[in-house]
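[1] Have a look; sequence and predicted model below, questions after that.
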Amino acid sequence: MRVVIVGAGQAGAALAAKLRALGHQGPITMIGTEKAPPYQRPPLSKAYLLGEMEEERLWLRAPDFWTEQGITLKLGQPVSAINPAARTVTVGTETIPYDALALTTGSVPRRLPAAIGGDLAGVYTVRSLEDVDAMRAEFTPCRRVIIVGGGYIGLEAAAVAAKLGLRVTVLEMAPRILQRVAAPETSDHVRALHADHGVTILESTGLERLLGETRVTGARLSDGREIPADFVIVGVGIAPDTALAQAAGVALDNGIATDAFGRTSDPAIWAAGDCASFPHKGGRIRLESVGNAIDQAEAVAANMLGAAEPYQAKPWFWSDQFDLKLQIAGLNSGYDHVVTRRAADGATSFWYYRGDQLLAVDAMSDSRAYMVGKRLIDQGKSPTPEAIATTQDLKALLK
Ligand code: FAD
């Protein structure tokens, strides 16, 4: 079986490696638009942006790994088309045949429209190594940066900028930062942390437009105020990269729609990672996280080889901001109340419930709460809110 993987990122790399680990001996070709070998993105808004990590440490595998495993990497060249009838993909002038095709194309950052200054020089997004390398020279002390969007990536970039001595303003049009992904308790905790480090967070404040002729000089806010900026980072979310799949007639539904095994509407085409939506608890979800990219890609690899095992997502995520290590287990959608736990050492965690069912936990530099919460959720166990709030020995709840 000839396997072709489109997208040499977190999911593509995991899929290729897993195929070999499971004993697949046929040709594997992985094609990626970016020039860098497959790399991890999380440090792009953390240690790498801060200048505390070398590029090589982002790489998921040493370059030799791919050669040793007999995996052909074609980097710096996008797949421009899929021909599902002929079972081929087009890369430049080359046509590559496949028996099984995996789409691990990830996602594309949302940009601000040119009509409101989104195309001015000095306006950046944080998705790729190239993006971060392009903005690095802007990070010098005392300069002013506006960050549009108070989600995890915007807040991580804000923390790095503040640490490097920049003057930072975060604009969030919703009433609170992290509104889409977390409870008010988590937003309050993170807001206080940023305030302690001198970051200005403006909530319920939209961007009317960016100012400047060719290069950004500031922003006009929804309340009419104008504030100056030397540069701007836009962190207003991402969209699944479905362009290639759509052009090939593969069914979409909030991403490339797969069945429980990772197969798309075309039986020879599979999908995994940020670009794929899949059945989950009677509905359909799409996750944007490293954990999902790896687990789903590995499930797809097994299913390509005939395992017939449905993918069971066990969501987890993290974010580093200043000295806070925020770890999240589970999915909080549909929660109706939040239980706060303060451990004897002061570590705080927020536990999301729907009725008496534990859904998720946000642990604030509390790895024990995260670890126990993750295991409880994975095992479908729901201790009472009283037990979560008061038990000294959290691990005892696992018994
Ligand atoms: P990607 O890793 O994005 O890989 C997709 C690749 O496909 C890209 O290189 C793209 O160029 C390529 N591609 C697309 N179209 C084509 C084509 N036509 N031909 C060839 N190649 C193509 N997750 C966490 O869990 N924790 C974190 O702390 C965290 N922090 C993050 C910080 C940043 C700055 C970013 C950007 C993401 C972060 N994430 C984090 C999310 C995580 O990195 C992604 O969920 C993960 O990378 C998804 O893997 P993927 O393989 O689906 O997509």
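    Received the coordinates, thanks. Model, not experiment: these values are computed from the prediction.
[2] distance between stretch 4-15 and the chain's centre?
    Computed by Cα atoms, centre = their mean, to the nearest Å, the chain-centroid distance of stretch 4-15 equals 15 Å.
[3] Show me where the stretch 1-150 of the chain has its strands.
    Taking DSSP state E, counting those that start in this stretch, the strands of the stretch 1-150 of the chain run over residues 3-6, 28-32, 71-75, 79-83, 88-91, 94-97, 100-103, 107-109, 123-125, 144-148.
[4] Make CSV out of these and add distance to the ligand and mean pLDDT.
    (C-beta placed from N, C-alpha, C; glycine too.) Output for the strands of the stretch 1-150 of the chain, formatted as CSV (distance: least, Cβ to the nearest ligand atom, whole Å; pLDDT from 0 to 100):
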stretch, distance to the ligand, mean pLDDT
strand 3-6, 5, 98
strand 28-32, 5, 98
strand 71-75, 8, 98
strand 79-83, 4, 98
strand 88-91, 8, 98
strand 94-97, 12, 98
strand 100-103, 8, 98
strand 107-109, 6, 97
strand 123-125, 9, 98
strand 144-148, 13, 98
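[5] what does this protein have sitting close to the ligand?
    Counting by Cβ under 6 Å from any ligand atom, the chain comes close to the ligand at 6-12, 31-34, 41-42, 44-45, 78-79, 104-106, 126-127, 153, 241, 244, 273-275, 288-291, 293, 317-319.
[6] what about the stretch 151-300 of the chain, any weak spots by pLDDT?
    In the prediction, the stretch 151-300 of the chain carries no residues with pLDDT under 70.
[7] Can you give me the neighbour number for the residue in it that the ligand sits nearest to?
    Scanning the stretch 151-300 of the chain for the residue nearest the ligand gives residue 273, at 2.2 Å (criterion: Cβ to the nearest ligand atom). By the criterion of other Cβ atoms under 10 Å, residue 273 has 33 neighbours.
[8] In contact with it, which residues are there?
    Going by Cβ atoms under 8 Å, 6 or more residues apart in numbering, residue 273 touches 7, 9, 10, 11, 12, 104, 105, 106, 292, 293, 296, 297.
[9] same thing but 7 Å
    9, 10, 11, 104, 106, 293, 296, 297 (Cβ atoms under 7 Å, 6 or more residues apart in numbering).
[10] Residue 234 too?
    By Cβ under 7 Å, 6+ apart, residue 234 lies in contact with 111, 112, 123, 124, 125, 148, 149.
[11] Can you name the residues bridging to the spatially closest residue to it that is not a sequence neighbour?
    Leaving aside its sequence neighbours, residue 234 sits nearest to residue 148 (Cβ to Cβ, 6 or more residues apart in numbering; 4.9 Å). Going by DSSP bridges, residue 148 is paired in beta bridges with residue 171, residue 234.
[12] Residue 148 and residue 236 touch, don't they?
    Yes - shown here, residue 148 and residue 236 form a contact pair, counting by Cβ atoms under 7 Å, at 6.0 Å.
[13] More neighbours: the two, which one.
    Taking neighbours as other Cβ under 10 Å, residue 148 and residue 236 compare with residue 148 leading, 23 against 18.
[14] What separation is there between residue 156 and residue 233?
    According to Cβ to Cβ, to the nearest Å, residue 156 and residue 233 sit 10 Å apart.
[15] So which of those two has more stuff around it?
    Shown here are residue 156 and residue 233; by other Cβ under 10 Å, residue 233 has more neighbours (28 against 25).
[16] does the more buried one really touch residue 155, like I thought?
    No - if you go by Cβ under 7 Å, residue 233 and residue 155 don't touch, sitting 10.9 Å apart.
[17] and residue 203, what does it touch?
    By Cβ under 7 Å, 6+ apart, the neighbours of residue 203 are 172, 174, 175, 176, 177.
[18] Could you work out the most separated pair of these?
    Pairwise distances across those peak at 9.4 Å for 175 and 177 (criterion: Cβ to Cβ).
[19] Who has more neighbours out of these two?
    More crowded of residue 175 and residue 177, by other Cβ under 10 Å: residue 177, with 26 against 11.
[20] Please enumerate the helices of the stretch 101-250 of the chain.
    Here the stretch 101-250 of the chain has its helices, by DSSP state H, counting those that start in this stretch, at 129-135, 152-163, 184-196, 243-247.
[21] which of those helices sits most buried?
    Of all the helices of the stretch 101-250 of the chain, helix 152-163 carries the top mean neighbour count, a mean of 25, counting by mean count of other Cβ atoms under 10 Å.
[22] For the ligand, see how far away residue 374 is.
    13 Å (Cβ to the nearest ligand atom, to the nearest Å).
[23] got a list of what the residue lying closest to that residue once chain neighbours are set aside touches?
    Excluding the flanking residues, the one nearest residue 374 by Cβ to Cβ, 6+ apart is residue 329, at 3.6 Å. For residue 329, the contacting residues are 316, 360, 361, 370, 373, 374, 377, by Cβ under 7 Å, 6+ apart.
[24] Ok, residue 263 next?
    Counting by Cβ under 7 Å, 6+ apart, residue 263 makes contact with residue 270.
[25] May I have the phi/psi pair for it?
    Per-residue torsions, residue 263: phi -90, psi 140 (degrees, to the nearest 10).
[26] just residue 111 next, same as before
    Phi and psi for residue 111, reported as degrees, to the nearest 10, are phi -110, psi 160.
[27] Does it touch residue 125 like I think?
    Yes - at 6.4 Å, residue 111 counts as touching residue 125 under the criterion of Cβ under 7 Å.
[28] who has more neighbours, these two?
    Applying other Cβ under 10 Å to residue 111 and residue 125 shows that residue 125 carries more neighbours, namely 22 against 12.
[29] excluding its backbone neighbours, what's nearest the more buried one?
    Nearest residue to residue 125, sequence neighbours excluded (Cβ to Cβ, 6+ apart): residue 109, at 4.1 Å.
[30] What about that neighbour, how many residues nearby?
    Counted with other Cβ under 10 Å, the neighbours of residue 109 add up to 17.
[31] who does it bridge with?
    Beta bridges link residue 109 to residue 238 when assigned by DSSP bridges.
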